[in-house]
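Participant: can you look at this prediction? I've put the sequence above it.
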Amino acid sequence: MKLKFFENSNCLLNRRNRYQFLATFLVNISTFAHGIGIGWMSPVMRDLQSPDSPLNFAVFVEEISWIGSLLGIGSIIGNLLAGFLQDRIGRKPVLYALAIPYVFFWLLSYFAQSVEYLYLGRLLAGITGGGGYIVLPIFISEISDAKIRGRLGSMVMLSVNTGVMVGYIISTSVGYFTAPFCIIPLPICYLIGNLFLPETPFYLITKGKFGAAEKSFRFYKNIKENDNNSMIEFEDIKMKMCKEQALKVESFNYKDFVTKSAFNGYATSTVLLICNQFTGTFCLTTYMTDIFEISHTTLDVGMCTIVIGVVQIIGTITTILLCDRYGRKVLLMLSSLGASICLAAFGFYIYFAERYDLSAVDWLPLVLLALEIFLCHIGLVGIFFVVLVEAMPARIRSVATSTFIVILSVSVFLTLKIFPLCISYWGLAITMWAASGVGLFGFIYFSIFFIETKGKSMLDN
């Protein structure tokens with residue numbers, strides 16, 4: 001029975017798939033570590049404003065908003081650097097470089113003598129995250145078989161969300177100055193693990209390194225040296241890519257960016273990005289502690305935050321289990337509609353809690369937010385990078401994907417900066433209703449216009 005399970009071509013531990021899974025696991029150590037930094041900082045930002053702050057200088061609300069939002073600025077820088085370098089020096093060198101700014105984030109947090117240390121550290125953490133969000137989806141898509149690409153691509157967000165939960169736990173159970181020593185070994189493990197992974201066969205083919213590309217393809221597909229029958233797929237990929245290369249001029253032809261398939265990709269990516277950011281999911285994660293305090297619940301805020309972290313992981317695992325079986329469209333529709341309903345309900349709870357005594361149901365904010373986070377993570381968040389890569393035609397995939405991730409980082413900065421202001425000026429209820437409207441808009445688009453990308457060849461234009 002066990003042997004038959006591992007022989008299934010859809011099993012991640014199948015002989016052909018296991019090295020693809022292992023490589024995905026190793027490169028996602030960086031996203032796991034990045035998630036720890038995000039989760040750790042959320043409760044710490046509250047502590048820094050208290051009289052019992054672990055640091056010897058005061059941090060005020062305006063400075064907290066900058067600490068929160070500078071992650072987005074760092075992401076933009078990381079996006080631009082990774083997008084510029086990945087096609088010039090390769091995916092692997094960019095993957096190596098991700099560890100450097102992240103180590104400095106923890107060192108600056110430890111040695112902080114003023115708020116500027118925290119600003120710079122948070123900026124550097126954003127560079128690691130932004131660079132990873134560019135190169136990791138491309139790297140994973142180029143080493144993966146179509147049957148398992150959705151599940152492997154979804155592991156980017158699974159790693160981030162697992163890291164966020166671990167960060168929540170570390171912030172509540174480990175002292176401020178102890179946390180860096182718990183985390184810095186992770187980038188070292190990441191660098192050692194990546195030493196054993198070859199560059200992607202797609203990149204090597206574009207550089208004319210066919211011998212290295214063949215070895216890379218054999219490694220990731222776990223094909224033995226004497227098995228030439230299984231290399232027909234590689235020869236087909238090489239022939240198609242060489243033909244594409246021969247048709248290209250020195251720079252991209254602008255006509256590649258104005259085809260029907262390109263515009264379909266832009267539309268899908270734009271709506272997906274808007275829903276991903278403006279349903280407030282990342283803002284809810286970043287300012288989770290403050291939101292629970294505003295929601296009039298008597299539950300322990302730290303416990304609620306950890307519960308949300310667990311729910312994020314469950315949502316992403318659900319995505320991994322379902323996305324290659326039922327496709328992307330169903331998950332996006334369910335995710336956007338479900339998030340819209342939960343956000344609207346949470347807004348109504350806040351509205352009535354400000355006017356009436358709802359202490360009998362003070363568990364409801366946790367339930368509604370947990371359900372919203374779960375539903376967002378099975379689609380809008382969990383398969384965001386999968387759909388972004390798959391929706392773009394092959395000729396413009398690298399440039400277009402990088403551009404949209406830069407826009408995503410700008411959106412992260414804007415939403416993190418304006419979210420506290422929206423709560424201050426409009427109130428939490430109206431802010432939630434506005435986010436609910438964005439989710440409803442996404443549901444309408446995905447229902448009518450979204451073209452399923454499940455099983456799409458990475459060479460399709």
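Facilitator: Arrived safely.

Participant: now do the phi/psi pair for Arg151.
Facilitator: Main-chain dihedrals, Arg151, degrees, to the nearest 10: phi -70, psi -40.

Participant: measure it to Ala262 for me?
Facilitator: Per C-beta to C-beta, to the nearest Å, Arg151 is found 27 Å from Ala262. No exception for glycine: its C-beta is placed from N, CA and C like everyone else's.

Participant: again, but for Cys342
Facilitator: According to C-beta to C-beta, Cys342 and Ala262 sit 34 Å apart.

Participant: among the two, which residue is more densely surrounded?
Facilitator: When neighbours are counted by other C-beta atoms under 10 Å, Cys342 and Ala262 differ, and Cys342 comes out ahead with 25 against 19.

Participant: can I assume that one is in contact with Ala370?
Facilitator: No. With contact defined as C-beta atoms under 8 Å, Cys342 does not count as touching Ala370 (9.0 Å).

Participant: care to break this structure down by domain?
Facilitator: For the chain, whose domains are defined here by automatic domain parsing, the residue ranges read 9-197+253-448, 203-247.

Participant: now render those domains as TSV, adding distance to Lys456 and mean pLDDT.
Facilitator: Conversion of the domains of the chain to TSV gives the following (distance: least, C-beta to C-beta, whole Å; pLDDT from 0 to 100):
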stretch	distance to Lys456	mean pLDDT
domain 9-197+253-448	5	86
domain 203-247	14	84
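
Participant: out of those domains, which one sits most buried?
Facilitator: Most buried of those, by mean neighbour count (mean count of other C-beta atoms under 10 Å): domain 9-197+253-448, with a mean of 20.

Participant: run the chain-centre distance for that domain.
Facilitator: What separates the centre of domain 9-197+253-448 from the centre of its chain is 5 Å, taken as C-alpha atoms, centre = their mean, to the nearest Å.

Participant: on that earlier part again, in a markdown table, list the domains of the chain along with distance to Lys454.
Facilitator: Formatted as a markdown table, those follow (distance: least, C-beta to C-beta, whole Å):
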| stretch | distance to Lys454 |
| --- | --- |
| domain 9-197+253-448 | 4 |
| domain 203-247 | 19 |
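
Participant: helix or strand: which one has the spatially most central residue of the chain?
Facilitator: Residue closest to the mean C-alpha point of the chain, counted by C-alpha atoms, centre = their mean, is Met157 at 4.4 Å. Assigned by DSSP states H and E, Met157 belongs to helix 149-173.

Participant: just the CA atoms of stretch 108-118, as CSV, please.
Facilitator: What follows is stretch 108-118, C-alpha atoms only, in CSV (Å, rounded to 0.1, in the frame of the first residue of the first chain):
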residue,chain,number,x,y,z
LEU,A,108,20.2,46.1,14.1
SER,A,109,17.2,45.1,16.2
TYR,A,110,19.6,43.7,18.9
PHE,A,111,22.0,46.7,18.9
ALA,A,112,19.3,49.4,18.4
GLN,A,113,20.2,52.7,20.1
SER,A,114,17.6,54.8,18.4
VAL,A,115,14.5,54.3,16.3
GLU,A,116,16.6,54.7,13.1
TYR,A,117,18.2,51.3,13.8
LEU,A,118,14.7,49.8,13.7
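
Participant: hmm, who's touching that stretch?
Facilitator: Residues from elsewhere that reach stretch 108-118, judged by C-beta atoms under 8 Å, 6 or more residues apart in numbering: Leu55, Asn56, Phe57, Val59, Glu63, Ile67, Leu120, Gly121, Leu124, Phe177, Ala179, Pro180.

Participant: quick one: contacts for Ile29?
Facilitator: Ser159, Leu186, Pro187, Cys189, Tyr190, Gly193.

Participant: Leu95 reaches Ile140, doesn't it?
Facilitator: No. With contact defined as C-beta under 8 Å, Leu95 does not count as touching Ile140 (10.9 Å).

Participant: shared neighbours, the two?
Facilitator: Residues touching both Leu95 and Ile140 by C-beta under 8 Å, 6+ apart: Val27.

Participant: if we can go back for a sec, next SSE downstream of the helix holding Met157?
Facilitator: Sequence-wise, the next helix or strand downstream of helix 149-173 (DSSP H and E) is helix 179-183.

Participant: between helix 149-173 and the following helix or strand past that next one, find me the angle.
Facilitator: Next in sequence after helix 179-183, counting helices and strands by DSSP H and E, comes helix 185-194. Counting by axes from the mean of the first three to the mean of the last three C-alpha atoms, to 10 degrees, helix 185-194 lies at 150 degrees to helix 149-173.

Participant: name the helices or strands packed onto helix 185-194?
Facilitator: On a contact count with 3 or more C-beta pairs under 8 Å, 6 or more residues apart in numbering; DSSP states H and E, helix 185-194 meets helix 18-27, helix 29-48, helix 91-97, helix 99-110.

Participant: and Asp324, which of those helices is closest to it?
Facilitator: helix 18-27 (13.1 Å; C-beta to C-beta).

Participant: quick one: the closest one to helix 29-48, angle?
Facilitator: 30 degrees.

Participant: need the CA coordinates for stretch 284-293. CSV is fine.
Facilitator: Extracted in CSV, the C-alpha atoms of stretch 284-293 (Å, rounded to 0.1, in the frame of the first residue of the first chain):
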residue,chain,number,x,y,z
LEU,A,284,-4.8,42.4,9.8
THR,A,285,-1.7,40.2,10.3
THR,A,286,0.6,43.1,11.0
TYR,A,287,-1.7,45.0,13.3
MET,A,288,-3.5,42.0,14.7
THR,A,289,-2.7,42.8,18.3
ASP,A,290,-4.1,46.3,18.0
ILE,A,291,-7.2,45.1,16.2
PHE,A,292,-8.1,42.7,18.9
GLU,A,293,-7.7,45.4,21.5
